[in-house]
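In: 3D, please:
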Amino acid sequence: MSQTRRLAAILAADVAGYSRLIGAEEGGTLERLKTLRRDLLDPKFAEYRGRLVKTTGDGLLVEFASVIDALRCAAEIQAAMAESNADVPTDRRIEFRIGINMGDIVVEDGDIFGDGVNVAARLEALAEPGGICVSARVQEDAAGKLELAFDDLGEQQLKNIARPVRVYRLVTEARPETSRASADPPLPDKPSIAVLPFANMSGDPEQEYFADGMVEEIITALSRIRWLFVIARNSSFAYRGQSVDVKQIGRELGVRYVLEGSVRKAGGRVRITAQLINALSGTHLWADRFDGSLEDVFELQDRVAVSVAGVIEPTLQAAEIRRSTEQPTRDLTAYDLYLRALPHQFSFARDRHTLVLDLLRQAIDRDPLYGPALAVAAFFHAQLDVNGWTDDQEATRRAAIDLARRALRVDPDDSEVLAPVAFVLAWFGEDIDVSVGLIDRCLDLNPSFARGWYWSAVLRLFAGQPDVAIDHFEASMRLSPRDRFGAPLTGIGIALFFSRRFEEAAAKLRMSLEQLPTFALTHQFLASCCAHMERLEEARALVSRLRSLTPVVVPSGTQFRDPVHRELFLSGLRLATAETA
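Out: Have a look, this model is predicted:
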């Protein structure tokens, strides 16, 4: 084998939403990609002396001798794509993400390897559809030579790349420089905070879940302060492993304060360090260290929350935390099992459900009065029914409702219990007004609970109130603007569907599938929507995919109390499935 090294500009590209496009229209998508290669991509590579190294289904890798050639080629490709997509519906557009890096590569039998290639691939993953991300080396080489503008994204910790990489985003006509700022949420009219993932200082990667659990509890404690606006965990955790300027985080999340820190667990001892930063100015407001035994872990979490809130609002009384004097559990093993289950709570993957239910069963066996564990276990039993993963629906229903009612008896004033319990009872046909009352109480106790607003919106769909549902889904997403949890988009799509706004509904549902490709309910509603729009070929493709996800292609739909909404959903789905029978 011949192997050489050289310096090169590497362009990595892939098709955004490739799986969704293929799922919706495989033949047409492949034909359009073939045409793009022939008419646009290959001629541009040749024009700028680029060598197409390889293609990988939805991606490709191109080598250039010059950064200038690589940038010009990428910019012209994206401009041409933006022009050709102008009259194409958003959900049907083929859009490329492109990353460009300049670095040392290894060439072996025509293929290329090395750190320079890996960085280019990671930069491509950071780019938005239609966008271009480049390394600092590329931006520096282009400065003064090309009339191109760049947004500085700061240093980023790229996956499997040891050193941080400074990243720039190319500003194109298709994405003006002001668009990012205009998309940033405004500051709320009350103090606002995001808690970033704490660093795991235990020296054991397996303890990552414990550090995350500490942060989860601190967020929950802060959320109970009614005058404080608290960003949800899933949005703040989007910054894990990234070296991002705190001012940028504040802008993107729309908050005034950012809390960061670390957790060290060694033997029977825990140390939490934390620092509070004003995200507007970047100044440090407070820092402290909290030491204790594992038996004191709940007290440590409260002390962090009280201290942070006291800095933000000096007149705070500790009682405003409104945390119960009796902790959810005193069994630390049960608590540990519960923490291990939480990261998988919204995976919508069957194997994860099996894992989580086993962990929660063990936690409940150790502490039968552990309210949050009972509530989450009830939710996961309901998910078995939602996704058609149970052979005995009646037994599943009984188990879910029993767990939900036990959780409610144990912790009737815990928002983390009330939200999943309200959903479970509503899903299985219990009195919808009772469930809505439970979720309203949840939000009264914790108005910054993003998932509480999400479940409130779901219950409004069940109750036949699509307009209210959209408002509550949007409230959920404002509290968690960086959350990759796609279910709110499904919910908004369903609300739009019930309002007969089928085009808008289909667009939202397709966006949701980008993030939750295995969620059966999204496929069901999108198939019904396409059938009502007389796009039967697309509806058939969705039903075909649905059959690989669940044996229940046409559900009962009884959770939707409005008979008009229920029939609209089921009639479209029956039409779609009839074509594939």
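
In: would Asp302 count as being in a strand?
Out: No: under the criterion used here (DSSP: H, G, I helix; E, B strand; the rest coil), Asp302 is helix, not part of a strand.

In: Quick one: residues contacting the closest residue to Ser415 other than its chain neighbours.
Out: Leaving aside its chain neighbours, Ser415 sits nearest to Asn446 (3.8 Å; criterion: C-beta to C-beta, 6 or more residues apart in numbering). Every C-beta, even on glycine, is put in place using the N, C-alpha and C of the backbone. By C-beta atoms under 8 Å, 6 or more residues apart in numbering, Asn446 lies in contact with Thr220, Ser223, Arg224, Ser415, Gly452.

In: any idea how this protein splits into domains?
Out: Per the record's domain assignment (automatic domain parsing), the chain is made up of the domains 3-182, 192-321, 324-447, 458-581.

In: Could you identify which of these has the lowest mean pLDDT?
Out: Confidence, taken as mean pLDDT, is least for domain 192-321 of those (a mean of 78).

In: Can you name the residues in contact with the helix or strand encompassing Gly437?
Out: Using DSSP states H and E, the element containing Gly437 is helix 432-445. Here helix 432-445 makes contact (C-beta under 8 Å, 6+ apart) with 224, 322, 408, 413-415, 418-419, 421-423, 425-426, 449, 452-453, 455-456, 459-460, 462-463, 561.

In: can we see that at 7 Å?
Out: 413, 415, 418-419, 421-422, 425-426, 449, 452-453, 455-456, 459, 462-463, 561 (C-beta atoms under 7 Å, 6 or more residues apart in numbering).

In: Phi and psi next, for the closest residue in space to Ala221 that isn't next to it in sequence.
Out: In this structure, Ala221 finds its nearest non-sequential neighbour in Ala305, 3.6 Å apart by C-beta to C-beta, 6+ apart. Dihedral pair for Ala305: phi -60, psi -40, per degrees, to the nearest 10.

In: how near is Ala305 to Arg224?
Out: Distance from Ala305 to Arg224, counting by C-beta to C-beta, to the nearest Å: 8 Å.

In: quick one: contacts for Leu126?
Out: Residues in contact with Leu126 (C-beta under 7 Å, 6+ apart) are Gly99, Cys133, Gln156, Val167.

In: Tell me which two in those are the farthest apart.
Out: Farthest pair in those (C-beta to C-beta) is Gly99 and Gln156. Separation: 11.4 Å.

In: who's more crowded, the two?
Out: More neighbours surround Gly99 than the other of Gly99 and Gln156, with 27 against 20 (other C-beta atoms under 10 Å).

In: Surely that one and Ala120 touch.
Out: Yes: Gly99 is within contact range of Ala120, at 4.9 Å (criterion: C-beta atoms under 7 Å).

In: any common contacting residues for the two?
Out: Common neighbours of Gly99 and Ala120, using C-beta under 7 Å, 6+ apart, are Ala12.

In: What segments of the chain are strands?
Out: With DSSP state E as the criterion, the chain has strands at 3-15, 51-56, 59-64, 96-108, 111-113, 132-135, 149-156, 165-171, 192-195, 199-200, 229-230, 257-266, 269-278, 284-293.

In: Can you tell me the strand partners of the first one and which way each runs?
Out: In the sheet containing strand 3-15, the strands it pairs with under DSSP bridges are strand 59-64 (antiparallel), strand 96-108 (antiparallel).

In: can you tell which of these is closest to Leu253?
Out: Leu253 lies closest to strand 96-108 among the strands paired with strand 3-15, at 23.0 Å (C-beta to C-beta).

In: tell me the angle that closest one makes with strand 51-56.
Out: 110 degrees (axes from the mean of the first three to the mean of the last three C-alpha atoms, to 10 degrees).
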